[in-house]
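J.: turn this into a model:
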Amino acid sequence: MFLYRIVKLYVKTGLFLFYKKITITGKENIPKNKAILFVANHQNAMMDPLIVATATNKTMYFLARASAFKNKIAAKLLNAIHAIAIYRVRDGVDSKALNEAVFDRCLDLFNQNKSILIFPEGSHDIKRQVRSLRAGFTRMIIDYLLANKDKDLLIIPVGLNYSNTINYAKSVHVIFGKPIHARQFFNKEKLNLSRANLINEVHYKLKKITVHIDDDNYESKYNSLNEKDFLEPKATNIKLKTINFKTKSYKLANQKKIFFYYLMLVNSIFPFVIWKWLKPKIASVEFISTTKFSLGLTVFPIFYTLQSLLVFQFFGSTFALIYLLLCFILVFLSTKTR
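T.: Numbers count the residues shown, from 1 in each chain. Sure, this is the predicted structure:
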């Protein structure tokens with residue numbers, strides 16, 4: 001638990017320096033001392049669980065695909081942040097048998113009034129829409145309600161709305177919706193109907209707190225919006241129903257106050273060289289932001305520390321500490337003024 005808190009604090013600090021602004025709405029909808037299943041849309045790879053987990057004071061567990069645990073270093077980090085491996089047929093293992101243990105662990109966590117985060121779309125996609133939900137997430141809900149006849153399970157929808165899912169120094173709006181009482185949609189005599197009702201209700205609630213652009217004429221609708229629109233789902237979803245898509249709107253120009261960014265670029269030249277080398281190797285666009293953030297958590301602090309040691313060799317400890325502090329102040333100014 002201590003390691004989890006340390007990692008959470010470090011990641012939260014990193015997110016503060018990576019995003020220009022993180023707005024959190026609806027924290028009053030999260031009750032204390034209750035078993036909670038958080039369900040969120042999934043656009044931005046590992047950034048999504050990190051943002052949700054650091055947006056509340058809850059100790060949160062989340063399901064992640066088992067293939068992410070293959071790397072030993074990644075596995076240690078994922079375990080430290082309470083990730084639970086979920087297996088798929090494509091992983092080349094007996095996924096059904098292994099997932100039985102996963103669901104048993106989830107039920108045990110719920111029985112301890114713990115919180116679990118899942119992404120019921122099943123995969124990430126950069127498109128600005130809530131996709132169809134996989135039925136698998138209803139398994140743990142149904143199992144819990146069957147095993148605890150006198151208890152309810154609260155489902156809290158989470159809308160993740162990024163002004164830009166790829167670039168650094170952008171903004172994100174996290175919206176926690178009102179709790180869905182799972183037992184209201186549960187009928188032990190009609191489990192298939194219960195699953196369908198749960199899927200429909202969660203999908204409906206997620207669409208209310210997430211910018212949702214239908215597939216029909218998607219590109220025209222997307223191009224008619226700007227970065228501020230993507231942060232305000234309620235107003236934007238109304239706008240999408242009335243806007244004239246024949247007239248292409250503009251994207252927000254964001255050219256002001258980039259002095260600190262270029263100053264940081266000069267001061268961080270080697271980490272940026274590493275980024276330029278890594279960028280072409282990123283398999284999918286959804287992982288661009290995650291890769292940038294990972295470099296920010298690891299390579300940048302190491303590089304600044306090494307540079308500070310170099311300053312120490314020539315000018316002493318006072319100047320080295322001042323320089324190290326200025327490095328992080330420069331990152332802060334670069335992020336918040338872009």
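J.: tell me where the stretch 151-300 of the chain has strands.
T.: Counting by DSSP state E, counting those that start in this stretch, the segments of the stretch 151-300 of the chain that form strands are 154-162, 171-176, 180-181.
J.: and the second one, what does it pack onto?
T.: To tie it back to what came earlier, the one meant is strand 171-176. Packing contacts for strand 171-176, counted by 3 or more CB pairs under 8 Å, 6 or more residues apart in numbering; DSSP states H and E, involve strand 21-25, helix 47-54, strand 154-162. Where you see a C-beta, it was placed from the backbone N, CA and C, and this is true even at glycine.
J.: any idea of the mean pLDDT in that strand?
T.: On average, the pLDDT along strand 171-176 is 99.
J.: that strand pairs with which strands, parallel or anti?
T.: Counting by DSSP bridges, the strands paired with strand 171-176 are strand 21-25 (parallel), strand 154-162 (antiparallel).
J.: okay, now the domains of the protein?
T.: What automatic domain parsing lists as the domains of the chain is 2-210, 217-254, 259-337.
J.: what separation do you get for the nearest residue to residue 176 once chain neighbours are set aside and residue 159?
T.: Spatial nearest neighbour of residue 176, chain neighbours left out: residue 26 (3.5 Å); criterion: CB to CB, 6 or more residues apart in numbering. Counting by CB to CB, to the nearest Å, the gap from residue 26 to residue 159 is 9 Å.
J.: mutual contacts of the two, please.
T.: The contact sets of residue 26 and residue 159 overlap at 175, 177, 209 (CB atoms under 8 Å, 6 or more residues apart in numbering).
J.: mind putting the strands paired with strand 171-176 into a markdown table with mean neighbour count?
T.: Below are the strands paired with strand 171-176 laid out as a markdown table (neighbours: other CB atoms under 10 Å):
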| stretch | mean neighbour count |
| --- | --- |
| strand 21-25 | 15 |
| strand 154-162 | 24 |
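J.: could you list the low-pLDDT ranges of the stretch 1-150 of the chain?
T.: Low-confidence regions of the stretch 1-150 of the chain, defined here as pLDDT under 70, cover residues 89-94.
J.: hmm, try it at 50
T.: For the stretch 1-150 of the chain, no stretch has pLDDT under 50.
J.: chain center to the longest helix along the chain, what's the gap?
T.: If you go by DSSP state H, the chain has its longest helix at helix 317-337. The chain centre lies 27 Å from the centre of helix 317-337; the measure is CA atoms, centre = their mean, to the nearest Å.
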